[in-house]
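Enquirer: Sequence and predicted structure below; questions after.
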Amino acid sequence: MPVEPTGTAPVPDPRMAQALGRDRRRIVLSYLAMALAWMIATDGAVTALVPDPQQAALWQSMKGAFFALASAGLLYLLLRPLAEHVLHTHARLQASELRLRQMFEGNPGPILVYDLDSLAILDANPAACSTFGWDREALLAQTIDVLWPPGQDQALQTKLEEIRGAPEQLCILRAQLQLRDGSLRQMELRSNAIDYDGHTARLLIAIDRTAEDLAQLRRDQALARVEEAHELARIGAWELDPSTGQGRYSNQVYRLLGRRPPEARRWHRFDELLVAADPATAAQTDQVLAELCSGEQVQVDVLLPVLAMDGRALMVHLRAASGVDEAGRDRILGTLQDVTEREQSRRLLREREEQFRELVRVLPDGVVILSDEHVLYANAWAAGLFGYGSHTLLGEPLSALVAGGDLARMRAQMGAGQLQHSPDHSSVVAMQRADGRSFQAGIAVGDVRYGGRDCKLLIVRDLSESEQTRSALETSNRELQAMAGRLFSLQEDERRAISRDLHDDIGQAITAIKLSAYAAQDEDDAQRRGEDLAQIVSLADTTVAKLRDISTLLRPPQLDALGLEAALSWQARVLFRSSTVELQAEIESLPTRPDNSIEQACFRIAQESLTNALRHARASQVVLQLRDVDQRGLHLMIRDDGEGFDPDGPRGLGLIVMRERAQSVGGHVRIESAHGAGTLVDVHLPYQAAVTAAVESAEY
């Protein structure tokens, strides 16, 4: 006979109760029938056979005694199977109750029994006590609402009302339950109605879903991070059915191609999604699709130029490999990544590398790369400097390039890796040409990677021509004397030009405004007066524009308001706005603002250099750079690829003034040029002016 969990009254089996009822009725009826038959038969026999009343009474007593003994024996025989059946049933009932109790106690999940009316906890298995952190006696003294967190009483009462309205129905819900220590666990609760010692009770089974929910949360977070990573990497996933050629694509694929993701993922072909940029790409796409649908194991890794829906040209990286889906069906699994920026960066990097190689090739200093003191690379200038051909210098040892007396010092300098400056005689190294002649050179040493190896970079500059230095000094002195002689005349010329502009343009414009004002004042016709006033406004605008041009010519307002960087950017845009020459402006933000005199000198030097490049160089490209030099000063560089000029020939006044401007504030200018090799203006200026008195006198 099945029984309810511990503490409940056993419910009899209906068939067993029916059988016991039949047995009881059969025994009673049989006994009554037998007793009546015995009494009637024996009473008639005694009356007929024994006429003597005393004898008849004796026989009646004997008959009664015999009947009592016979009926007792018969009842024993009839009730013995029934008693054995009842004992056997009781033993089975006890065994069933013990099994149910063991199942209740040994169940690893929390199980509670609570009264539906009073909410008192009637029973709990050890797993419930362990899970909720209570001992059995303390838990049985509580009500079921002790397991609900504060603030959820209303939700609990609402659910209990639903259960009381339909107590026979199985109830399943997800809720947070509170342990004794105050922590919360996410539980799945299943309850059904039971009869527990006459109580209207509910059997409650709790399944802890906290770890499962946490795992689901982590999975969702991981998928979100993967989606975010795909979006950052501009990559999307797709799968293709090789039997039909139809594919399904993630939302990121649609977004990469400028399409709106569909509400539901659907199957369509590659050529419906990828728009080839040209016929060659269309043929390549068809070939890739045919390979994917061939039914063989495939491995695809190609770059395809395609067009987005908005007309943008994209370069996509298509990868694919054979695989199976969760149902075991053959699928082609792949990714689609937008590598447009990467490919553009690679192209720009290749262009920069070519430009760097060309720069090194034409650099007017010897560039030598050494590995294990043997030449791995040398530019044309280095080969000519040492008297070798363009390739015969490769492989030469360092000992063949350095005079024997300075080889040890050269090796020490390479080990230190320090830049040696040519004006310091202790930094000069005696180098050796192929014909054995020696020359003095200044060396700059650095560490580089070349051909996958750690190498030494040498920048070699020939310092042996002292006459060039003296000639340059003499030329500089003559230039300074000429500049000093012409400086005052240039100032006077500039002042006369400004005075003439003010008198001829501004003065005449103001006079015209005055006359137009008088005319408007005396004009009675409203239309004519309006025309006069409009003319006054036009003349005023023209006058303001001319004044602004004169003011900007004297000193650009951007230099005072926004600083050197903004002024250089403005001047470069103004000069190259209508020119076909390409300007590459690389102007970095300076960590501190230079002195007013430094800003003025740097701006005027840049203005003069850019103007010369536009007017005289016939260049196709001009590079303007401004950067900080370890917060010790600023570096201005203007380089063009124009015709250049002979540095030993006569120089214009502009170059002289540029050098004087830099020297007047404690800086210096280096100008390099050659016919067909362009011009380099290299300016180094401090942040604080060393000499400021001569700045204003140098304006022109």
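Expert: Done, it's in.

Enquirer: Mean pLDDT per helix and strand in this protein: which one sits at the bottom?
Expert: The least trusted helix or strand in the chain, going by mean pLDDT, DSSP states H and E, turns out to be helix 466-501, with a mean of 60.

Enquirer: Check which helices and strands whatever helix or strand comes next after that helix is in contact with.
Expert: Helices and strands here follow DSSP states H and E; after helix 466-501, the next one along the chain is helix 508-522. Contact here means 3 or more CB pairs under 8 Å, 6 or more residues apart in numbering; DSSP states H and E; on that basis helix 508-522 packs against helix 526-554. C-beta here means a position set from N, CA and C on the backbone, and glycine is covered the same way.

Enquirer: quick one, strands of the stretch 601-700 of the chain?
Expert: 621-628, 634-640, 668-673, 679-685 (DSSP state E, counting those that start in this stretch).

Enquirer: need those strands in JSON lines with mean neighbour count, mean pLDDT and distance to S589, can you?
Expert: What follows is these, written out as JSON lines (neighbours: other CB atoms under 10 Å; pLDDT from 0 to 100; distance: least, CB to CB, whole Å):
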{"stretch": "strand 621-628", "mean neighbour count": "18", "mean pLDDT": "89", "distance to S589": "8"}
{"stretch": "strand 634-640", "mean neighbour count": "22", "mean pLDDT": "90", "distance to S589": "11"}
{"stretch": "strand 668-673", "mean neighbour count": "16", "mean pLDDT": "87", "distance to S589": "23"}
{"stretch": "strand 679-685", "mean neighbour count": "22", "mean pLDDT": "90", "distance to S589": "16"}
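
Enquirer: and E228, which of these is closest to it?
Expert: Across the strands of the stretch 601-700 of the chain, E228 has its closest neighbour in strand 621-628 (36.2 Å, CB to CB).

Enquirer: got JSON lines for the strands of the stretch 601-700 of the chain, with distance to L614 too?
Expert: Output for those, formatted as JSON lines (distance: least, CB to CB, whole Å):
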{"stretch": "strand 621-628", "distance to L614": "8"}
{"stretch": "strand 634-640", "distance to L614": "9"}
{"stretch": "strand 668-673", "distance to L614": "16"}
{"stretch": "strand 679-685", "distance to L614": "12"}
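
Enquirer: Report the beta-bridge partner residues of the residue nearest to G405 when sequence neighbours are not counted.
Expert: Take G405 and drop its neighbours on the chain: the residue closest to it by CB to CB, 6 or more residues apart in numbering is A430, 6.5 Å away. A430 forms beta bridges with Q440, as assigned by DSSP bridges.

Enquirer: for A430, what are its contacts?
Expert: V402, A403, G405, D406, S438, F439, Q440, A441 (CB atoms under 8 Å, 6 or more residues apart in numbering).

Enquirer: For the residues you listed, which ChimeraX command selects only the ones that are buried?
Expert: Selection command for ChimeraX covering only the buried members of the contacts of A430, criterion 16 or more other CB atoms under 10 Å:
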select :402,403,406,439,440,441
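
Enquirer: Just the C-alphas of stretch 132-145, formatted as PDB.
Expert: Extracted as PDB, the C-alpha positions of stretch 132-145 are listed here (Å, rounded to 0.1, in the frame of the first residue of the first chain):
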ATOM      1  CA  PHE A 132      18.800  26.800   3.700                       C
ATOM      2  CA  GLY A 133      21.300  26.700   6.600                       C
ATOM      3  CA  TRP A 134      18.900  25.700   9.400                       C
ATOM      4  CA  ASP A 135      19.000  22.800  11.800                       C
ATOM      5  CA  ARG A 136      15.800  20.600  11.600                       C
ATOM      6  CA  GLU A 137      14.200  21.800  14.900                       C
ATOM      7  CA  ALA A 138      14.800  25.500  14.100                       C
ATOM      8  CA  LEU A 139      13.400  25.100  10.600                       C
ATOM      9  CA  LEU A 140      10.300  23.200  11.700                       C
ATOM     10  CA  ALA A 141       9.600  26.100  14.100                       C
ATOM     11  CA  GLN A 142       9.400  28.600  11.200                       C
ATOM     12  CA  THR A 143       6.800  29.400   8.500                       C
ATOM     13  CA  ILE A 144       7.400  29.100   4.800                       C
ATOM     14  CA  ASP A 145       7.700  32.800   4.300                       C
END
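
Enquirer: Quick check: buried residues in it?
Expert: Quick answer for stretch 132-145 (16+ other CB under 10 Å): F132, W134, L139, L140, Q142, I144.

Enquirer: Tell me where the stretch 401-550 of the chain is predicted with low confidence.
Expert: 416-427, 465-472, 475-508, 514, 532, 544-550 (pLDDT under 70).

Enquirer: is it true that Q432 touches G405?
Expert: No - counting by CB atoms under 8 Å, Q432 does not reach G405; the two are 10.3 Å apart.

Enquirer: what distance separates whichever helix or strand A224 is part of from the centre of its chain?
Expert: Using DSSP H and E, A224 falls within helix 210-233. On the basis of CA atoms, centre = their mean, to the nearest Å, helix 210-233 is displaced by 14 Å from the centre of the chain it belongs to.

Enquirer: The most centrally placed residue in the chain and Q252: what is the separation?
Expert: Nearest to the geometric centre of the chain sits L232, at 5.1 Å (CA atoms, centre = their mean). Distance from L232 to Q252, counting by CB to CB, to the nearest Å: 10 Å.

Enquirer: before we move on, the earlier item: going by distance to D522, which of the contacts of A430 wins?
Expert: Closest to D522, out of all of the contacts of A430 and judged by CB to CB, is A441, at 83.7 Å.

Enquirer: can you pull the contacts of the closest one?
Expert: G366, V428, V429, A430, M431, V460, R461, D462, L463, S464.

Enquirer: Now list the buried members of the residues you listed.
Expert: G366, V428, V429, A430, M431, V460, D462, L463.

Enquirer: Alright, that wraps it up for me.
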